[in-house]
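Asks: No sequence on hand, only this structure:
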């Protein structure tokens, strides 16, 4: 199963390797919409992300711009304490579409990943994306779902519709033969007034 902070009762973390997060069809889990809309006054200019913050937990991680691998999956940074923003998608703070940030849950050699906390995030919890220029895009968590590794809904990677931030990491049971976890944990957040 996916490791969480302080959750060391199972075997030591294993490397999730370069297992892709696939922005593609087919999918088998229905989308989780409609979700609550952004709070009044929550609009902000888009930011090129450099830091992802979870203020209620006192956590932050650097953000690297990442692309799509030749197999169609989203590239994820090798370092588990760094997360990747899917640059072919939309910018956080934009007026529409999904800004996607993903990272590893853990690694055999590096330990627990920054996004290992995703299963613990609760509705209403703040998430802030900070740009290199200091501007921020503020969000609040509205939903958390688990999908099969290759079953992410197309909604996760959409470029239109209401704005949202989508955080993705591995979850479920670790499959030693495949070298990865069986599913993805996905947290959805909508724009919120800046803290």
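Replies: Okay, I see it. On a predicted model such as this, the values are computed, not experimentally measured, just so you know.
Asks: correct me, but residue 48 touches residue 132?
Replies: Yes - using C-beta atoms under 8 Å, residue 48 is in contact with residue 132, at 6.5 Å. C-beta coordinates here come from the backbone N, C-alpha and C atoms, glycine included.
Asks: ok, these two, which is more surrounded?
Replies: residue 48 (16 against 11; other C-beta atoms under 10 Å).
Asks: and that one, what does it touch?
Replies: By C-beta atoms under 8 Å, 6 or more residues apart in numbering, the contact list for residue 48 reads 65, 91, 131, 132.
Asks: Return the members of the residues you listed classed as buried.
Replies: Among those, those buried by neighbour count (16 or more other C-beta atoms under 10 Å) are 91, 131.
Asks: Just to check, residue 106 is in contact with residue 116?
Replies: Yes - with contact defined as C-beta under 8 Å, residue 106 reaches residue 116; the gap is 6.1 Å.
Asks: Tell me which strands the lowest-mean-pLDDT helix or strand in the chain pairs with, and in which orientation.
Replies: Here the helix or strand of the chain ranked lowest by mean pLDDT, DSSP states H and E is strand 106-107, holding a mean of 90. Paired neighbours of strand 106-107 in the sheet (DSSP bridges): strand 111-112 (antiparallel).
Asks: does the nearest residue to residue 91 once chain neighbours are set aside sit in a helix or strand, and which one?
Replies: Distances taken as C-beta to C-beta, 6 or more residues apart in numbering place residue 46 nearest to residue 91, at 3.6 Å, with adjacent residues excluded. For residue 46, there is no enclosing helix or strand under DSSP states H and E.
Asks: residues near residue 46, how many?
Replies: By other C-beta under 10 Å, the residues close to residue 46 number 17.
Asks: Can you pull the phi/psi pair for it?
Replies: When read as degrees, to the nearest 10, the backbone of residue 46 gives phi -60, psi 150.
Asks: so it makes contact with residue 97?
Replies: No - assessed by C-beta under 8 Å, residue 46 is found out of contact with residue 97, at 10.2 Å.
Asks: Overlap of the contact sets of those two?
Replies: With contacts taken as C-beta under 8 Å, 6+ apart, residue 46 and residue 97 have residue 90 as neighbours in common.
Asks: ok, the spatially most central residue of the chain - contacts?
Replies: Centroid check for the chain by C-alpha atoms, centre = their mean gives residue 167 as the closest residue, at 1.7 Å. By C-beta under 8 Å, 6+ apart, residue 167 lies in contact with 52, 101, 102, 115, 118, 127, 186, 187, 189.
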